[in-house]
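[1] Below is the structure, and that's it, no one-letter string:
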DNA sequence: ATGGCGGCTCGCAGCCGA
């Protein structure tokens, strides 16, 4: 079973790339972030025609998440229970016995902003929810744009980014808190070249210079981590014409 | 080095992302 996550930065713009990518890689489950589409504009037909069921929770301009699956998805949840949030950033469903959670964690903007406070509150609510989810679903996969670089290996210039949003200690501690629940960063189960990233700024020729960050992650519960065969970042997608600033991350598990 | 690109919108400038 192939599980993938991709921040598309506008599904309207990226739909042709998505369809090509689905056909080429045949993932079983795909979590999308930043669809930026209201639900009545979601391209259900095109995705269904590609052989996928699709759940989505969208809004105009910002945010928006979707969950594509080859097999039927059940027990959909579109918010962190008990956490009031008008921003559409969460989608969960059960597919083929695996509980899948798609996340678009807030960016935070800067550590002195209200948006950063919102990010930390959001992460606290996420922790409580995942603690409950992992108790009920031994096969749990939490995929998405976390907007957190787990450690300095995941940052092109750690000195420049020290203490900044995406790298600050409270954010990293929140992510470590999820690891302590029994969730594993599947990327680090395997060897990778140094400076392997999932996001590069559109500016400054950042991709060509590999000035990136690894902020998109696939976290797996112990039961799934034990059967995880690979986790790769598909950086070729960042080389296309009109790319998303994020590359997809794909994990394969033996099911 | 606080800009730079790219996407969005009751658009032609400003907000936001990361």
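    Here it is on my side, so go on. Keep in mind it's a predicted model, so treat the numbers as computed, not measured.

[2] Which helix or strand contains residue A:126?
    helix A:114-136 (DSSP states H and E).

[3] helices or strands next to that helix in the packing?
    strand A:98-104, strand A:140-145, helix A:169-180 (3 or more Cβ pairs under 8 Å, 6 or more residues apart in numbering; DSSP states H and E). C-beta coordinates here come from the backbone N, C-alpha and C atoms, glycine included.

[4] Reformat these as JSON lines; add mean neighbour count, mean pLDDT and distance to residue A:110.
    Putting those into JSON lines (neighbours: other Cβ atoms under 10 Å; pLDDT from 0 to 100; distance: least, Cβ to Cβ, whole Å) gives the following:
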{"stretch": "strand A:98-104", "mean neighbour count": "25", "mean pLDDT": "98", "distance to residue A:110": "19"}
{"stretch": "strand A:140-145", "mean neighbour count": "26", "mean pLDDT": "98", "distance to residue A:110": "18"}
{"stretch": "helix A:169-180", "mean neighbour count": "16", "mean pLDDT": "98", "distance to residue A:110": "12"}
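
[5] Tell me which residue lies farthest from the centre of chain A.
    residue A:159 (25.3 Å; Cα atoms, centre = their mean).

[6] And the pLDDT for the nearest residue to residue A:19 once chain neighbours are set aside?
    In space, residue A:19 comes closest to residue A:50 once its chain neighbours are excluded; the distance is 5.6 Å by Cβ to Cβ, 6 or more residues apart in numbering. On pLDDT, residue A:50 comes in at 98.

[7] Can you verify my assumption that residue A:97 contacts residue A:138?
    No - contact between residue A:97 and residue A:138 fails when scored by Cβ atoms under 8 Å: they sit 9.7 Å apart.

[8] Look at the two and report which has more neighbours.
    Taking neighbours as other Cβ atoms under 10 Å, residue A:97 and residue A:138 compare with residue A:138 leading, 14 against 11.

[9] Contacts only, for that one.
    A:221, A:222, A:223 (Cβ atoms under 8 Å, 6 or more residues apart in numbering).

[10] Contact residues of the stretch 151-255 of chain A facing DNA strand B?
    For the stretch 151-255 of chain A, the residues found near DNA strand B under the criterion Cβ under 7 Å from any atom of the strand are A:164-166, A:199, A:201-204, A:213, A:215, A:242, A:245-246.

[11] Looking at the residues you listed, which one is closest to residue A:115?
    residue A:165 (8.6 Å; Cβ to Cβ).

[12] Give the burial count for the closest one, as a bare number.
    Other residues lying near residue A:165 total 20 when counted by other Cβ under 10 Å.

[13] Excluding chain neighbours, what is closest to it?
    Closest to residue A:165 by Cβ to Cβ, 6+ apart is residue A:108, at 4.4 Å.

[14] pLDDT wise, what is that neighbour at?
    96.

[15] what's the answer for residue A:255, then?
    Per-residue pLDDT puts residue A:255 at 84.

[16] Next up, the contacts around it.
    If you count contacts by Cβ under 8 Å, 6+ apart, then residue A:255 has A:1, A:96, A:98, A:227 around it.
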